[in-house]
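>>> sequence? don't have it. structure:
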Ligand code: NIG
Ligand code: FE
């Protein structure tokens, strides 16, 4: 007997399946292939995709009843929900004054050195109650979902004490229960807490006291390896201890200066390394070889008015698996929209529209170690699907600064927006 579809999406002008790469991310020329089916149809039962192909192929495999919800996608693009694999979702306050200071010439690191930047958000996040953080974060998650993001990563890192970091991670856990967007939690060692005299003292405290408390609350451990923040040796100490405790690893690497962070990520087999604006040739070779996913954040380069963007096309031609993310945070990239990141990736890093789309779907799923369940439209995968009111996939980064997503289906359910 043929399985019955609860939901069927028919006749998409382009159905982007991104299929065939659940085992390994797309690299090199594979990133030009979106697994595109013309006039595609997709069938869903409960929260799972049960058929995918042309209309005739799908109807040969599944049956429909009068209860089957039919969505006509004629003239539109259907693809997997976006995956945002690097965000600082939970924070108190905002930093529009620093935005203005930077326009007048102050640098991100100048502001951080004078006690602003991340430390500004640390003060507001410590002062906020869990309920307040939940309320503001739910608003951000609503925007993300409306703009097509169905899974996001979320970091702590604005607490810098055991209790305040745990507060952020508890908020992330509650948000995951409350909201349709799936959230993957990361403990971020973001900067030295002001209460500590030296960075090394703080690093020792993180290793001996904080990491054990964060176990079970976060899947990943991440560190901001940067000039004036944590050096390569301190980053190695924290990430090695985290790995020994069973955390998977991520790193903020080579964003403002080349710190050899990519090489560290490769040597520790980190799942991903983010930013990489100043990665060296050696760093590119090392992460291409280790399989560490490069999570590029052109939104932060843009918003910090940097002259240097990550060398995306060089990385892709060298065999690095590239993903893209918003880095949503109140300082260096205050946007929930992954759609504008696609535009920046194409315009500023010369990625092709198809490479950019791979980078926010199947490769972003790999960057979160979730490619077995999300990131492509294939039988057996989670029914996280978006329908865009655009005639073809190139239109997604082309028609920018607006929401091209018309319908979001999360776990097989059509989402309602007010
Ligand atoms: O990824 N680089 C460090 N962390 C964030 C910025 C956080 C902030 O400025 O609050 C980033 O860009
Ligand atoms: Fe970040």
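Yep, it's here. If you're wondering where the values come from, they're calculated on a predicted model, not measured in any experiment. Ligands and ions are numbered 1, 2, ... in the order given.

>>> the host helix or strand of residue 150 pairs with which strands?
Using DSSP states H and E, residue 150 maps to strand 149-155. When pairing is defined by DSSP bridges, strand 149-155 lines up against strand 82-84 (parallel), strand 182-189 (parallel).

>>> who wins for proximity to residue 113 among those strands?
strand 182-189 (18.4 Å; CB to CB). Any C-beta I mention is one placed from the backbone N, CA and C, and that applies to glycine too.

>>> lowest-pLDDT helix or strand in the protein?
Least confident helix or strand, the chain: helix 108-113 with a mean of 90, by mean pLDDT, DSSP states H and E.

>>> returning to that earlier point: chain center to the strand holding residue 150, what's the gap?
Offset of strand 149-155 from its chain centre (CA atoms, centre = their mean, to the nearest Å): 6 Å.

>>> with stretch 371-384 instead?
In terms of CA atoms, centre = their mean, the centre of stretch 371-384 is found 17 Å from the chain centre.

>>> swap in stretch 346-356?
With CA atoms, centre = their mean, you get 17 Å for stretch 346-356.

>>> next one: residue 193 from ligand 1, what distance?
Using CB to the nearest ligand atom, to the nearest Å, residue 193 is found at 15 Å from ligand 1.

>>> so who does residue 70 touch?
Neighbouring residues of residue 70 by CB atoms under 8 Å, 6 or more residues apart in numbering: 8, 10, 64.

>>> ranking the strands paired with strand 149-155 by burial, who's on top?
Across the strands paired with strand 149-155, the average number of neighbours (mean count of other CB atoms under 10 Å) peaks for strand 82-84, which reaches a mean of 32.

>>> immediately after that one, which helix or strand?
That would be, after strand 82-84 and using DSSP H and E, helix 96-103.

>>> pull the contacting residues for the residue nearest to residue 17 when sequence neighbours are not counted.
Spatial nearest neighbour of residue 17, chain neighbours left out: residue 35 (3.7 Å); criterion: CB to CB, 6 or more residues apart in numbering. By CB under 8 Å, 6+ apart, the residues touching residue 35 are 16, 17, 18, 19, 20, 376.

>>> from ligand 1, how far off is residue 35?
31 Å.

>>> tell me who's in contact with the residue of the chain found nearest ligand 1.
Closest approach between the chain and ligand 1, counting by CB to the nearest ligand atom: residue 331, at 2.5 Å. The contact partners of residue 331, taken as CB under 8 Å, 6+ apart, are 95, 98, 108, 117, 118, 120, 121.

>>> once you drop chain neighbours, what's closest to the second one?
Right, residue 98. If the residues on either side of it in the chain are set aside, residue 98 comes closest to residue 111, at 5.4 Å by CB to CB, 6+ apart.
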